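Asks: predicted model and sequence below, questions to follow.
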Amino acid sequence: MKLLLADDHEIFRDGIRMLIEARTPHRIVCETASGSEIGRLVQTHAPDLAVLDYQMPGAEITAVTAWLKKRFPALRIVILTGTTSGVLHARLVAAGADAVLPKAGDAETLLKALEAVAAGRQVLPQAIREGIAAGAEALSLTQREYQVLRLVCQGLSNAEIAARFNLSDRTIAKHRENLFRKLGVGSAAQAINRAAELGLI
């Protein structure tokens, strides 16, 4: 199996390359430190699987993943991420990622994930799955609920938020109730913490 490796940290790329070469029959046919190079390298080298760092200069990896899956549907994509945002993880899966793994994970987890993905299976560790479930719920916030959330996080009261939108306190209270339910929280302080965890603020 031919692999593409994309990460802007050379030491990290070196470590993954040595691990794959030492422990698997697969070979890395191309590497890059820039997200903007990924599409060209896939077109040129036709890898079977791409291992991509989520945070790279030159491109937004969620968009890159969606583009790759549209142009090269057989390509398997493994995303390594340092973020704990369930919203971002949910977006990666929706874009077509075959695996989303914590970048701080161990070598065995990565190797097992590569084999599973190569066999056509999706790999999402439990912590990632739980975050995605919460993130998917958070993604269902309406535009108004999201606006209210941002103002709640800024410390505004229902009355102050209502004045911003020329709405009644009761309407804002309902939006607040709905967004708290979707976030699984019961207070403004918890909402702020949850929104930060999910990458909403």
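Replies: Everything's here; your move.
Asks: and for the worst-scoring helix or strand of the chain on mean pLDDT, what's in contact with it?
Replies: Here the helix or strand of the chain ranked lowest by mean pLDDT, DSSP states H and E is helix 126-139, holding a mean of 76. The contact list for helix 126-139 (CB atoms under 8 Å, 6 or more residues apart in numbering) reads 84-91, 93, 100-102, 124, 182-184, 194-195, 198, 200. C-beta coordinates here come from the backbone N, C-alpha and C atoms, glycine included.
Asks: ok, now how distant is the residue in the chain sticking out farthest from the centre from H175?
Replies: Within the chain, S168 marks the point farthest from the mean C-alpha position, 36.3 Å out by CA atoms, centre = their mean. As for S168, its distance to H175 is 11 Å (criterion: CB to CB, to the nearest Å).
Asks: ok, G58 next?
Replies: 38 Å.
Asks: these two: which is more packed in?
Replies: Neighbour totals were compared for G58 and H175, and H175 leads with 23 against 15 (other CB atoms under 10 Å).
Asks: any idea how far the more buried one is from V152?
Replies: Distance from H175 to V152, counting by CB to CB: 10 Å.
Asks: can you check A63 too?
Replies: Separation of A63 from V152 (CB to CB): 29 Å.
Asks: which of those two has more neighbours?
Replies: Counted by other CB under 10 Å, A63 and V152 do not tie: V152 has more neighbours, with 24 against 12.
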